[in-house]
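Asker: Have a look at this fold, sequence not included:
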């Protein structure tokens, strides 16, 4: 699915935007289901829905959510509750693209929808995914499928090219887990950040160590991302999945293995407070430090 030039760009920059990650039927179905969940959220004033396997609500709402102006911001492991989200995760061009990068044997770790509706204040502070989901090696790819166009105005992902080859940043302030890097490190990263843009149906394939964040949606257009985390079959988690799933460890391409491949590294293990989403974890830490 990916050319040699695209694969080289991924390993150089730590991310790659590729078009046509799902077909037109899949994209329309994904958007339709998500629109239904947004409408359902209007009838709730707190996180809601069938609990995930660790008991947290399936659907998370931002503090500014109202029936008139919904702010649904997270759907936890949607592949567990809807067939089209399972299909896109397991059997789409996106899956094949990931295999081109870390295959031939690939496992699913977890998935989620991060949604920024117009008027929502959701912000993602700078972090690296590997600090939340450390494994025995870092052949781990976060695939961010664009359910909507991703633009500078609607809170696109911002990332620092090449940061996946640099240090792992701590997500702690002393002994307190914040879920984001220290302010001075964030300022340094923001000075080198680039926007990641694309049209609906495209995917941003992101290395697990890439430093990234995003701003709130300042537009009238939604920004929905279906985020699927994949690992090489020989990458095994060394911390609890922050979003446990019935599908964790499912082999989506190739074969399972009993052998773990180890990369030499010193890894800071995360704390994983159970909230409806990590947005709440970052918000609480931001409020405590302000």
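Answerer: Looks like it arrived, so ask away. Predicted, not measured: the structure shown is a model, and the values here were computed from it.

Asker: If we go by neighbour counts, what in the longest helix seen in the chain is buried?
Answerer: If you go by DSSP state H, the chain has its longest helix at helix 24-41. Residues of helix 24-41 classed as buried under the neighbour-count rule (16 or more other Cβ atoms under 10 Å) are 26-27, 29-31, 33-34, 37-38, 41. All C-beta spots, glycine's among them, are computed from the backbone N, C-alpha and C.

Asker: Tell me where this structure has helices.
Answerer: 4-13, 24-41, 83-90, 93-102, 183-190, 278-289.

Asker: just checking, what packs against the fourth one?
Answerer: Secondary structure elements in contact with helix 93-102, counted by 3 or more Cβ pairs under 8 Å, 6 or more residues apart in numbering; DSSP states H and E, are helix 4-13, strand 106-116, strand 140-146, strand 203-207, strand 223-232, strand 251-253.

Asker: Quick one: list the elements packing against the longest helix of the chain.
Answerer: strand 59-61, strand 72-76, helix 83-90, strand 106-116, strand 223-232.

Asker: okay, the ones you listed in JSON lines with distance to residue 251 next?
Answerer: Listed next are the helices and strands packed on helix 24-41 as JSON lines, based on distance: least, Cβ to Cβ, whole Å:
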{"stretch": "strand 59-61", "distance to residue 251": "28"}
{"stretch": "strand 72-76", "distance to residue 251": "22"}
{"stretch": "helix 83-90", "distance to residue 251": "10"}
{"stretch": "strand 106-116", "distance to residue 251": "6"}
{"stretch": "strand 223-232", "distance to residue 251": "11"}
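
Asker: Can you report how many residues neighbour the residue nearest to residue 13 when sequence neighbours are not counted?
Answerer: Excluding its sequence neighbours, the residue lying closest to residue 13 (Cβ to Cβ, 6 or more residues apart in numbering) is residue 161, at 4.3 Å. By other Cβ atoms under 10 Å, the residues close to residue 161 number 16.

Asker: From residue 209, how far out is residue 161?
Answerer: Distance check for residue 161 against residue 209: by Cβ to Cβ, to the nearest Å, it reads 12 Å.

Asker: joint contacts of those two?
Answerer: Here residue 161 and residue 209 have residue 14 as joint contacts, going by Cβ atoms under 8 Å, 6 or more residues apart in numbering.

Asker: Would you mind listing where the stretch 151-290 of the chain has pLDDT under the threshold?
Answerer: Residue ranges of the stretch 151-290 of the chain with pLDDT under 70: 273-290.

Asker: try 90 this time
Answerer: Applying pLDDT under 90 to the stretch 151-290 of the chain picks out residues 271-290.

Asker: my read: residue 45 touches residue 65, true?
Answerer: Yes: using Cβ atoms under 8 Å, residue 45 is in contact with residue 65, at 7.3 Å.

Asker: Between those two, point out the one with more neighbours.
Answerer: Neighbours were counted for residue 45 and for residue 65 using other Cβ under 10 Å; residue 65 has more, 22 against 11.

Asker: quick one: contacts for the more buried one?
Answerer: By Cβ under 8 Å, 6+ apart, the residues touching residue 65 are 41, 45, 71-72.

Asker: Among these, which pair sits farthest apart?
Answerer: Maximum pairwise distance among the contacts of residue 65 (Cβ to Cβ): 12.1 Å, between 45 and 72.
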